[in-house]
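A.B. asks: A predicted structure for the sequence below; I have some questions about it.
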Protein chains: 2
Amino acid sequence: MTLFGAIEAGGTKFVCAVGYATGEIKERISIPTTTPEETMPEVISFFKKYPVEAIGIGSFGPIDVNKESPTYGNITTTPKLPWKHYPLLQAVQKEFNVPIGFNTDVNIAAMGEAILGAAKGVDSCLYITIGTGIGAGAYINGELLQGMSHPEMGHTLVRRHPEDSYKGRCPYHADCLEGLAAGPAIEERWGDKAFNLSENEKVWEIEGYYIAQALMQYILIISPKKIILGGGVMNQEHVLKHVYKYLAELLNGYISLPEVTTNMHEYIVRPGLGDNAGITGGLLLAEKVYKENNR
Amino acid sequence: MTLFGAIEAGGTKFVCAVGYATGEIKERISIPTTTPEETMPEVISFFKKYPVEAIGIGSFGPIDVNKESPTYGNITTTPKLPWKHYPLLQAVQKEFNVPIGFNTDVNIAAMGEAILGAAKGVDSCLYITIGTGIGAGAYINGELLQGMSHPEMGHTLVRRHPEDSYKGRCPYHADCLEGLAAGPAIEERWGDKAFNLSENEKVWEIEGYYIAQALMQYILIISPKKIILGGGVMNQEHVLKHVYKYLAELLNGYISLPEVTTNMHEYIVRPGLGDNAGITGGLLLAEKVYKENNR
């Protein structure tokens, strides 16, 4: 079997792994995301130990995923200042003479779940992470959805819950989905972290209301065959019942397919790969670029 | 050159044409959409006159576009009762022993604009029609976007304009985009048809506000490389300035690409094929299924 490398570059840690396109992970490490000067040498030295044939990178964003662009492979306008305009792909490329795939962290998670996780056997899925931020990636007929740039689904506009007067904390849109429903918004609104609020049903009803609205938009616009909800906030799985209830109310029978009428609990699900969705997707992205280079 | 047939099946008329994949139309007719018993024999007899090698159908919806489904090719839950559950594809198939493509009317218009219209040379576009209803299709890397079913982008949720107290007229969602911004909503809200309201700037400011919100969602979720605005309401082209203004305000610099910062008027445009987007797309869809069958 061909050995691949995967990097899941997150805002708090870089997870690096070597393994196979079966999803089997041979070794992995986790490196704190501090500055490129500190973090990257550790990333590089990890992979130097293994004869990887290709590497798949999934990065926090926004990133430049346009292969025609002079800044392809860069992290772009992130608020994490040491990483702003950092040429992440280039930094890896100059150390390893192998094909390297580059995409967003949520996109590679979508790829992992589509091929080996909860959407295995289905040719399209949407993976959404709800945690410190909110992001989503779509894998459709063997390709990651991408156009002008990668999607930014976390900033979808939602209507306010009538009992929610919290102003929202997105620096661009205030009360977009991320501004109202990501972990830091829950904490600021309720004065405690999400995992300490498990017993407060109102927290999860409001959260479910916003998530359901976003899912309605995604369903109307992309019509994915499976929706996977990951991320730290979603570990409060009891939010799902509110999501199902509000989504059914919002769609109101307009889409008559069983996925959203009778079988919503099989259509909108938790990740099949747990916390390994991203890193598994990284290995699969590595396999993809490897195959493209060895045709 | 290979001769193809195209059917653009709309709610008021069926446009049928024969022509070529260059977009050249040899002959076309328009048949009123009354009942299948009246309309379809005229459609069939038109094509019987020509040795077409394949046919592309774009239909009003909702339709069943799932090739695995026993009802593939049917119009499904339309409020146009004579056409409810009508097997449109089958009705054509049994008369013509050629490959036949089947998709939504807006999807084939997206295909026409992508290949020969305003998005020629760009590998992804979104085509939106704003008229009696609102619908959209996306053409991405040579394929029409489709998953569980075709998209239903016209029913996207929007936030209310603060000066708009109109209740909305979507039978499912009341004040979704279509319920607030399609032609009949404009007419009911203002007591006159859109084309008689050209001089009333408030009409178009409110209209632009809703369209801009929908475009924001489409951009965040799909990130198309070009957006094309067609349909009868959009003939009031002065609405575009409000769309541009509100979209810039809503995005608020979050996406820093030139398409949505400095060059919005080149990114969001009117159809390049005018009223021929759909029928041209039908010819192109015919060519696609013809090639797939003659590999």
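C.D. replies: The structure has been received and is ready for your questions. Source: prediction; values computed, not measured.

A.B. asks: drop to CA atoms for contacts and neighbour counts, all remaining ones
C.D. replies: OK.

A.B. asks: which residues does the closest residue to A:Gln93 other than its chain neighbours bridge with?
C.D. replies: Counting by Cα to Cα, 6 or more residues apart in numbering or on different chains, A:Ile100 is the residue found nearest to A:Gln93 once chain neighbours are left out, at 7.1 Å. Taking DSSP bridges as the rule, A:Ile100 bridges to A:Ile55.

A.B. asks: so what pLDDT did A:Ile100 get?
C.D. replies: We have a pLDDT of 98 for A:Ile100.

A.B. asks: same check, this time on A:Pro79
C.D. replies: pLDDT, read off for A:Pro79, is 81.

A.B. asks: helix/strand/coil for it?
C.D. replies: Classification of A:Pro79 by DSSP: H, G, I helix; E, B strand; the rest coil places it in coil.

A.B. asks: and the contacts of stretch A:228-243?
C.D. replies: For stretch A:228-243, contacts defined as Cα atoms under 8 Å, 6 or more residues apart in numbering or on different chains pick out A:118, A:125-132, A:182-183, A:194-195, A:198, A:204-205, A:207-209, A:211-212, A:268-271, A:274.

A.B. asks: next up, the contacts around the residue nearest to A:Gln93.
C.D. replies: Taking Cα under 8 Å, 6+ apart as the test, what A:Ile100 contacts is A:Ala54, A:Ile55, A:Gly56, A:Ile57, A:Leu89, A:Gln93, A:Ala286, A:Val289.

A.B. asks: in which helix or strand does the spatially most central residue of chain A reside?
C.D. replies: What sits nearest the mean C-alpha location of chain A, by Cα atoms, centre = their mean, is A:Val106, with 2.1 Å. Assessed by DSSP states H and E, A:Val106 sits inside helix A:105-116.

A.B. asks: which elements pack onto that helix?
C.D. replies: When contacts are defined as 3 or more Cα pairs under 8 Å, 6 or more residues apart in numbering or on different chains; DSSP states H and E, helix A:105-116 sits against strand A:55-59, strand A:124-130, strand A:134-140, helix A:277-293.

A.B. asks: now the strands for chain A?
C.D. replies: Using DSSP state E, the strands of chain A run over A:4-9, A:13-19, A:25-32, A:55-59, A:100-104, A:124-130, A:134-140, A:143-144, A:227-230, A:268-269.

A.B. asks: show residues contacting the fourth one.
C.D. replies: With contacts defined as Cα under 8 Å, 6+ apart, strand A:55-59 is touched by A:4-10, A:75, A:89, A:98-108, A:278, A:281-287.

A.B. asks: ditto for stretch A:197-209
C.D. replies: Under Cα under 8 Å, 6+ apart, the answer for stretch A:197-209 is A:161, A:164, A:181, A:186, A:190, A:236, A:238-243, A:246-247.

A.B. asks: try it again with 6 Å
C.D. replies: Stretch A:197-209 is contacted from outside by A:Ala181, A:Val239, A:His242, A:Val243, A:Tyr246, using Cα atoms under 6 Å, 6 or more residues apart in numbering or on different chains.

A.B. asks: let me know the closest of these to chain B.
C.D. replies: Nearest to chain B among the contacts of stretch A:197-209 is A:Tyr246, at 13.0 Å by Cα to the nearest Cα.

A.B. asks: can you name the two of the contacts of stretch A:197-209 that are farthest apart?
C.D. replies: Spatial extent of the contacts of stretch A:197-209 (Cα to Cα) is set by the pair A:Ala181 and A:Tyr246 at 15.0 Å.

A.B. asks: of those two, which one has the most company?
C.D. replies: Legend: neighbour count by other Cα atoms under 10 Å in any protein chain shown for A:Ala181 and A:Tyr246, higher for A:Ala181 (29 against 20).

A.B. asks: interface residues of the stretch 151-295 of chain A facing chain B?
C.D. replies: A:151-153, A:156, A:172, A:217, A:220-225, A:252 (Cα under 6 Å from any Cα of the partner chain).

A.B. asks: filter the residues you listed to the buried ones?
C.D. replies: A:Pro151, A:Glu152, A:Met153, A:Thr156, A:Tyr172, A:Gln217, A:Leu220, A:Ile221, A:Ile222, A:Ser223, A:Pro224, A:Lys225 (16 or more other Cα atoms under 10 Å in any protein chain shown).

A.B. asks: A:Leu89: neighbouring residues, count only.
C.D. replies: Quick note: A:Leu89 (other Cα under 10 Å) scores 20 neighbours.

A.B. asks: where does the closest residue to it other than its chain neighbours land on pLDDT?
C.D. replies: Spatial nearest neighbour of A:Leu89, chain neighbours left out: A:Gly73 (4.6 Å); criterion: Cα to Cα, 6+ apart. Per-residue pLDDT puts A:Gly73 at 98.

A.B. asks: could you measure from A:Gly73 over to B:Thr33?
C.D. replies: Per Cα to Cα, to the nearest Å, A:Gly73 is found 52 Å from B:Thr33.

A.B. asks: list the contacts of A:Ile63.
C.D. replies: Going by Cα under 6 Å, 6+ apart, the list of residues near A:Ile63 reads A:Asn74, A:Ile75, A:Thr76.

A.B. asks: how about those residues in a markdown table, adding neighbour count and distance to chain B?
C.D. replies: Putting those into a markdown table (neighbours: other Cα atoms under 10 Å in any protein chain shown; distance: Cα to the nearest Cα, whole Å) gives the following:
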| residue | neighbour count | distance to chain B |
| --- | --- | --- |
| A:Asn74 | 25 | 14 |
| A:Ile75 | 23 | 13 |
| A:Thr76 | 19 | 9 |
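
A.B. asks: so A:Gly73 and B:Thr33 - more neighbours on which side?
C.D. replies: A:Gly73 (26 against 19).

A.B. asks: how near is the more buried one to B:Lys193?
C.D. replies: Counting by Cα to Cα - A:Gly73 and B:Lys193 are separated by 50 Å.

A.B. asks: again with A:Asp192
C.D. replies: Applying Cα to Cα, the value for A:Asp192 to B:Lys193 is 53 Å.

A.B. asks: again, but for A:Glu188
C.D. replies: In terms of Cα to Cα, A:Glu188 sits 47 Å off from B:Lys193.

A.B. asks: how about A:Glu152?
C.D. replies: A:Glu152 is 37 Å from B:Lys193, by Cα to Cα.

A.B. asks: what of A:Phe96?
C.D. replies: For A:Phe96, the distance to B:Lys193 - Cα to Cα - is 64 Å.

A.B. asks: ok, back up a step: what's the helix holding A:Val106 in contact with?
C.D. replies: Helix A:105-116 is contacted by residues A:58-60, A:119-120, A:127, A:136-137, A:139, A:277-278, A:280-282 when judged by Cα under 6 Å, 6+ apart.

A.B. asks: make a markdown table from those residues and add distance to B:Glu143 and pLDDT to it.
C.D. replies: Formatted as a markdown table, the contacts of helix A:105-116 follow (distance: Cα to Cα, whole Å; pLDDT from 0 to 100):
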| residue | distance to B:Glu143 | pLDDT |
| --- | --- | --- |
| A:Gly58 | 25 | 98 |
| A:Ser59 | 27 | 97 |
| A:Phe60 | 28 | 93 |
| A:Ala119 | 21 | 97 |
| A:Lys120 | 22 | 97 |
| A:Tyr127 | 21 | 98 |
| A:Ala136 | 21 | 97 |
| A:Gly137 | 18 | 97 |
| A:Tyr139 | 14 | 96 |
| A:Ala277 | 27 | 96 |
| A:Gly278 | 26 | 96 |
| A:Thr280 | 27 | 98 |
| A:Gly281 | 23 | 98 |
| A:Gly282 | 25 | 98 |
